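S.K.: below is the structure, and that's it, no one-letter string:
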DNA sequence: CTGAAAGCGCTTACAG
DNA sequence: CTGAAAGCGCTTACAG
């Protein structure tokens, strides 16, 4: 690969001049000289080496994204938002899957530091524990998080609580009185907030909270399927709020196998509004979250953080209840 | 951030010695000295700078992945496979979305060169045109592709043709004689191969190929929905092969709205076996592709390529017809 | 076993 | 307007 030296030699100028041309520097360069350099660059198919530049400038135009799993459509959509915004600003992203495991989170944070990323966006899982915080020490002024975290980073958040309350209110308005909940896993603040929203709606309507109507899944359709099966065999709710769409897909399948008509005998609400939900039969009623925009906003925030621009340290997105065929 | 110099100063040794300890070099280091260095590293929370190392060693332990769109579950699954295998080998991946646009492909290939990635995995879209090939020039010995391409790179391929033939044979065996096809877009070799498979099955059974039974979508559920609507309103096939699951979801929705029972009045087959397909009603009959394993295999191949190990330049994966409720 | 020094490919303050 | 030189943080051949 041709380097700056090769270009300088061929154009018969110094590397300083080549650098100025390449970077369209303020520093004046004679037009004739510039042309010579441009010609040499073209002929040699020269590209500046970003490692060398990054080492010197202490700026790599690279960011890290830490998520549980890119093959989860929720994160995939957020990531696409982050990347589109990053691309517009000239940043490249390195994506790290942690499956929510502390050990992997810590290891990948260290990796990002070694690779000298300019900043980090953290979504999913949870930042806690001495190890994780300690690994973030050197990076902590350059982190943006998506979701609610114990630590005080600039954050893009979603009104999960309000969304869940609204969804349950919708079920109550339809006349449901035994409303089950397939919640997300322990340790997820998103899951916790959605569950709180469910409880709030019950309380606001003077309805008792019954722990036996609540099951905790792991976001997968399988877990929704199994837990809905348990609820239908036991407590027999007439409606179920699922903490995400995937689990709602599983719940609808369980209802089908139990020969319960959705929505007539069992109403089901999901959360997120993943793309395929509206193709289901019945189309899934769900709480929409603007995942793509969340990603864009998180990257926007990181760009401001890194450039020293002032910005709001907290951006809250509202949800929107989409009433479709799985509730009536 | 502490650098190697800081560690050397604190441990009262030279940077050469620190380097040897950090890299667990062959070169002997006195155990007492080693301990001093380790202690300093710990106290300073030192991490070696990968930019400096990469610049010197001409090896960054970073790879690039070029795909159309990470929020497409097909690519997300392949990427997860690539990343898991990459992670095991100590590589980090930079993912670039091109939406299949030549301009973006070219731009991102140049970006990957600037960032000095060790290698590239290219999936989706298509490598052709002077611009793209030219941009790949410097990287061409370090590229692995997924899918069929005009250019001769080491490749991981899928028997799309055989899978489609098998799926259509299944429909024929069920007695269907008017079989429609919602194919993928022009310019996609995957789409072309699946369409050829469809035609082959017809030919093998002495059935005529009718162009009016074939429509070309763009892989999205919307396109499947619209095109299935056209087929149902016009040619009235009794079965449709869709070139991917997303379009099959759309087709089933169109059938529902046209009050055609699936599978009784319209049989539908998808392709890929994305995770949600089996939760549909009816569960989607589809041609399974081992997406995750394809990703793993592609990364494995790239690792061998980069390390100079001998390996098969072509790895072919077979598909598997999964018969579910959308065909009977 | 230890360290001084060269060099990877850049940018920029400084001198001319 | 142009260029020589320092320095970013590393690894390793070489000398001792």
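M.R.: The structure has been received and is ready for your questions. Here the structure is a predicted model, which is why all the values come from computation and not from measurement.

S.K.: going forward, measure contacts and count neighbours with C-alpha atoms only.
M.R.: Fine.

S.K.: show me chain A divided up by domain.
M.R.: Domain assignment for chain A by automatic domain parsing gives A:4-48, A:59-158+A:292-318, A:160-289.

S.K.: hmm, the shortest one in reach of DNA strand C?
M.R.: Yes. Under the criterion of C-alpha under 7 Å from any atom of the strand, domain A:4-48 makes contact with DNA strand C via A:4-5, A:15-20, A:22-23, A:25, A:47-48.

S.K.: list phi and psi for whatever residue of the stretch 201-328 of chain A ends up closest to DNA strand C.
M.R.: Across the stretch 201-328 of chain A, no residue is closer to DNA strand C than residue A:307, which sits at 15.0 Å (C-alpha to the nearest atom of the strand). Residue A:307 adopts backbone torsions of phi -90, psi 0, taken as degrees, to the nearest 10.

S.K.: same question, residue A:18
M.R.: With angles defined as degrees, to the nearest 10, residue A:18 sits at phi -60, psi -50.

S.K.: state the number of residues packed around the residue of the stretch 201-328 of chain A closest to DNA strand C.
M.R.: Residues near residue A:307, counting by other C-alpha atoms under 10 Å in any protein chain shown, number 9.

S.K.: and the pLDDT for it?
M.R.: Looking at residue A:307, its pLDDT reads 93.

S.K.: measure it to chain B for me?
M.R.: For residue A:307, the distance to chain B (C-alpha to the nearest C-alpha, to the nearest Å) stands at 19 Å.

S.K.: could you do residue A:117 as well?
M.R.: Taken as C-alpha to the nearest C-alpha, the span from residue A:117 to chain B is 10 Å.

S.K.: ok, that residue touching residue A:58?
M.R.: No. Counting by C-alpha atoms under 8 Å, residue A:117 stays clear of residue A:58, with 9.5 Å between them.

S.K.: which one of these two has more residues nearby?
M.R.: Set residue A:117 next to residue A:58 and count neighbours by other C-alpha under 10 Å: residue A:117 wins out with 22 against 14.

S.K.: show the backbone phi and psi for residue A:208.
M.R.: When read as degrees, to the nearest 10, the backbone of residue A:208 gives phi -70, psi 150.

S.K.: and it, how many residues sit next to it?
M.R.: Applying other C-alpha under 10 Å, we find 11 residues neighbouring residue A:208.

S.K.: equivalent analysis for residue A:56, please.
M.R.: Around residue A:56 sit 12 other residues, with neighbours defined as other C-alpha under 10 Å.

S.K.: next one, pLDDT for it please.
M.R.: The pLDDT attached to residue A:56 in the predicted structure is 96.

S.K.: any idea which element it lies in?
M.R.: helix A:50-57 (DSSP states H and E).

S.K.: hmm, who's touching that helix?
M.R.: A:59, A:60, B:51, B:52, B:54, B:55, B:114, B:115, B:116 (C-alpha atoms under 8 Å, 6 or more residues apart in numbering or on different chains).

S.K.: can I get the buried part of those as one ChimeraX selection?
M.R.: In ChimeraX, a selection of the buried entries from the contacts of helix A:50-57 looks like this (16 or more other C-alpha atoms under 10 Å in any protein chain shown):
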select /A:60 /B:51,52,54,55,114,115,116
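
S.K.: kindly identify which of the contacts of helix A:50-57 also come near DNA strand D.
M.R.: Restricting the contacts of helix A:50-57 to those near DNA strand D by C-alpha under 7 Å from any atom of the strand leaves B:52, B:55.

S.K.: of the contacts of helix A:50-57, closest to DNA strand D?
M.R.: residue B:52 (3.9 Å).

S.K.: near chain B, which residues of the stretch 151-300 of chain A show up?
M.R.: A:221, A:246, A:249, A:250, A:253, A:276, A:279, A:280, A:281 (C-alpha under 8 Å from any C-alpha of the partner chain).

S.K.: now do the last one against DNA strand D, distance only.
M.R.: Spelled out, it's residue A:281. 57 Å (C-alpha to the nearest atom of the strand, to the nearest Å).

S.K.: I'd assumed residue A:69 was in contact with residue A:75.
M.R.: Yes. Because the distance of 6.9 Å satisfies C-alpha under 8 Å, residue A:75 is recorded as touching residue A:69.

S.K.: output the residues of the stretch 151-300 of chain A next to chain B as CSV; include the columns secondary structure and neighbour count.
M.R.: Output for these, formatted as CSV (DSSP: H, G, I helix; E, B strand; the rest coil; neighbours: other C-alpha atoms under 10 Å in any protein chain shown):
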residue, secondary structure, neighbour count
A:221, helix, 24
A:246, helix, 30
A:249, helix, 26
A:250, helix, 26
A:253, helix, 27
A:276, helix, 18
A:279, helix, 21
A:280, coil, 22
A:281, coil, 17
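
S.K.: tell me the first helix or strand C-terminal of the lowest-mean-pLDDT helix or strand in chain A.
M.R.: Sorted by mean pLDDT, DSSP states H and E, the helices and strands of chain A end with helix A:130-136, the least confident at a mean of 79. Scanning forward in sequence from helix A:130-136 by DSSP H and E, the next helix or strand is strand A:143-146.

S.K.: which helices and strands does that following strand pack with?
M.R.: strand A:119-123, strand A:155-158, helix A:291-307 (3 or more C-alpha pairs under 8 Å, 6 or more residues apart in numbering or on different chains; DSSP states H and E).
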